[in-house]
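[1] Attaching a predicted model along with its sequence, questions to come.
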Amino acid sequence: MGVWSARHRWTAVGAWLLFAVISVIVGGAVGQIDAADHDTLPGEAGRVVKTLHDAGVADPALETVLVRTDGPVTDPAARGAVDDVITSLRGTGRVTDIRSPYDTRALSKDGHAALVQFAVEGDPATAGDRVGPVLTAVRQAADRHPDVQVEQFGAASADKAIGDAFNDDFARAEYSVVPLAIGILFIAFGALVAAVLPVILSLTAVVATTGLIALASHAVPMSDSSGIVMLLVGMAVGVDYCLFYLRREREERARGRDAQTALAIASATSGRAILVSGSTVIVAMAGMFLTGMVEFEGMGLATLLVVAVAMIGSVTVLPALLSLLGDRVEKGRLPLRRRTPRDPDGESRVWRAILGAVLHRPKLSLLVGAGALIALAVPATALHPAELTLKQELGDNALVRAYEDINATFPGGPEPAEVVVSAADITDAGVSRAIADFRTRAVSSGASDGPVRVTVHQEQNLAVIEVPLVGDTQARSEKSLEVLRDEVRPATLGTVDGVEAPIGGSVAASKDFADKLSSSVPPVLVFVVVFAFLLMLLSFRSPLIALTSTVLNLLSVGAAYGILTAVFQKGWGASLIGAEGVGAIESWLPLFLFVILFGLSMDYHVFVVSRIREARLRGMTTRDAISHGISTTAGVVTSAAVIMVGVFAIFGTLSLQGMKQMGLGLAIAVLIDATVIRGMLLPAVMVLLGERNWHVPALLRRLPDLEAGFPVPDAPAAAPGGGGTPDEVRV
């Protein structure tokens, strides 16, 4: 692939640009399908949303305004504030179904607070885009009544707050990633052209994938997180792949190779490592489809596509561009930097010293390194995945305080449970009686303090019951939900034949999501581990290397889990990185991190082991090959790790807690891979195994040898006239 691209460079570059342009045009033409609630929610909560969606009943974006006074809420001053709020809401022309608290009796037990309820008109999925004027109107009404506390919260205002934070974070990440990557690469290569080239290729890969994602979304709808995860992973792996390839090509040129031979060697060594590691990430991300959850499927597909595009670009258009640029890739050099290293092997003195100590005492190194990672992983035994609350996600702000005040005064009011009753005839006397019994028992059972509101949709034969749940925490609200599902419903609605009554709402959605996720974890973990092992086995035909890779990956992921739990769940040292302990890890994060980290961990592992294998094929002993392979890859792996850690760390600085946790988790795991795993555990294990590392059992000898024709660069080999070919450097 690399040699063909170098020989047909204009065709390769033109095809890549054409592919990117066509992808963007097609993606823009078909548009992206975003996952709706009826696609993403599992369990009963999902059935509620799907039933309403299929029946054409809009589940309105409900909003509430709390009005609190020091005196009775029936006093003229309080009534004036309530009336002003209602008048202001009507004046926006953006709301419907306004309910006065004096009509609905939505008054607090102490008589000092009232709750104005309404809905934002139009599609509830986009209500957050239209709620701005409503928030402004309520805020202005509050300013006119300084002696009265007026606060607003609801589905639309929460969507707007999270959406604004998400968009700001995404923009900040986009503006930060590119300068950071160019800066690190500029220092690593000492040349501006060499630094910019990987970033441009990665950006074109991300842009092209954006179009592909829009097309793919018609089969698998995309979640809100898909785009930001795609950018994060696409830039990180795209730059890394180009870095591996470019550094190897520069090394071979420093050895005295001609341009074509250097590209051929880089293609067959670094190019092969890129294909193996990229395929591992792709296979790992495919495990997301085993969850059966659209949100994970969307993230998995987006990540899979961007890795595939970045991988293909690195082994096709990159060699074509290097062939076009030639030595001009060294343009724009830093002052006082040598044009090429004197030692073409580029062995790091620091890493050679570290490896000397590790290889001298491999058992002690293995014990210390593995013990350290196991110790770091211990906090993960208490890992508590949960869907983060608004306060956990956004921290302390006006919207969160409004939610807490409303929930404390009217428990369950901001996020009521939603019961959708469907029957052959919703007006049947038996059904009506069961609904009335459900309303009564919901309060008498202690699951709700009321008021329980019923809306009948006679044409669709549906009734929607809104039940405020008792509970000031997620756990207590879930207990109230269980009472409704397991006690109240069977004794009332469950006694009528033909009636279905799933119970949903935000509390139910969180619980059902967590239950579905926990049942999805085992098959995904098994799939990822088994297929990663098989890919390594196919690549190196060595069971011990495949097993070593798998175990070391598990150790690094476990350590990342442990640090994540300690920092974000327990709060240990959280303030040092501008975070805080919130008592939980975002529910989707552990599974996502496992899948993506298992794939990314192979990145450096395949690259380093391939270099060790290459040195072994050149006749070195296993010990010398380990030292040489790790030392010579130290510079490029360190640079690649710094880029990945830097890109991921950017996401650790964002405002949303889920993004912080994801960024830190990825950055920590990459850092562990590039230091403890590469510098201690991998060399220690391999030197202890010795020649057994390369043993190929008789059964595996039938597998295709992917290293056939593996180039071994002992000395320059160029054809007369400077036209070396891969055949001249083959074993």
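    Here it is on my side, so go on.

[2] Do I have it right that G227 meets A302?
    Yes - between G227 and A302 there is a contact at 7.2 Å, judged by Cβ atoms under 8 Å. Heads up, the C-betas are built off the backbone N, CA and C, glycines and all.

[3] Tell me which of the two has more neighbours.
    Between G227 and A302, counted using other Cβ atoms under 10 Å, A302 has the larger neighbour count: 30 against 21.

[4] Tell me how far the helix or strand where that one lies lies from the chain's centre.
    A302 belongs to helix 294-315 when elements are defined using DSSP states H and E. Distance of helix 294-315 from its chain centroid, counting by Cα atoms, centre = their mean, to the nearest Å, is 12 Å.

[5] ok, now stretch 444-451?
    Distance, centroid of stretch 444-451 to centroid of chain: 39 Å (Cα atoms, centre = their mean).

[6] which residues in the stretch 101-250 of the chain form strands?
    Under the criterion DSSP state E, counting those that start in this stretch, the stretch 101-250 of the chain contains strands at 113-120, 149-154.

[7] Then the chain?
    61-68, 95-99, 113-120, 149-154, 385-386, 417-422, 453-457, 462-467, 503-504, 585-586 (DSSP state E).

[8] Mean neighbour count and distance to K660 for those - can I get that in a markdown table?
    Below are the strands of the chain laid out as a markdown table (neighbours: other Cβ atoms under 10 Å; distance: least, Cβ to Cβ, whole Å):
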| stretch | mean neighbour count | distance to K660 |
| --- | --- | --- |
| strand 61-68 | 24 | 27 |
| strand 95-99 | 16 | 34 |
| strand 113-120 | 24 | 30 |
| strand 149-154 | 24 | 23 |
| strand 385-386 | 19 | 15 |
| strand 417-422 | 24 | 30 |
| strand 453-457 | 15 | 38 |
| strand 462-467 | 22 | 34 |
| strand 503-504 | 25 | 29 |
| strand 585-586 | 25 | 9 |
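
[9] Show me the least confident stretch of those strands, going by mean pLDDT.
    Across these, strand 385-386 has the smallest mean pLDDT, namely a mean of 78.

[10] Show me what it is packed against.
    The criterion is 3 or more Cβ pairs under 8 Å, 6 or more residues apart in numbering; DSSP states H and E, and the helices and strands that strand 385-386 contacts are helix 506-540, strand 585-586.

[11] Name the stretch among these that sits most buried.
    Among the helices and strands packed on strand 385-386, strand 585-586 has the highest mean neighbour count (mean count of other Cβ atoms under 10 Å), at a mean of 25.

[12] lowest-pLDDT helix or strand in the protein?
    Sorted by mean pLDDT, DSSP states H and E, the helices and strands of the chain end with helix 37-40, the least confident at a mean of 69.

[13] Enumerate every residue touching L597.
    Going by Cβ atoms under 8 Å, 6 or more residues apart in numbering, L597 touches 553, 556-557, 560, 665-666, 669.

[14] what pLDDT does P683 get?
    P683 is assigned 90 on the pLDDT scale.

[15] ok, and the closest non-adjacent residue to V85?
    A141 (4.9 Å; Cβ to Cβ, 6 or more residues apart in numbering).

[16] ok, that neighbour touching D84?
    Yes - the criterion here is Cβ under 8 Å, and A141 meets it with D84 at 4.9 Å.

[17] more crowded one of these two?
    A141 (24 against 20).

[18] show me what contacts that one?
    Contacts for A141 (Cβ under 8 Å, 6+ apart) come out as 81, 84-85, 88, 150.

[19] closest to P411 among these?
    Nearest to P411 among the contacts of A141: V150, at 20.0 Å, using Cβ to Cβ.

[20] Now do the contacts for the closest one.
    When contacts are counted by Cβ under 8 Å, 6+ apart, V150 touches 65-67, 81, 85, 138, 141-142.

[21] pLDDT value on L334, please?
    pLDDT, L334: 64.

[22] do R361 as well
    Listed pLDDT for R361 reads 91.

[23] mind pulling up the phi and psi values for it?
    phi -130, psi 70 (degrees, to the nearest 10).
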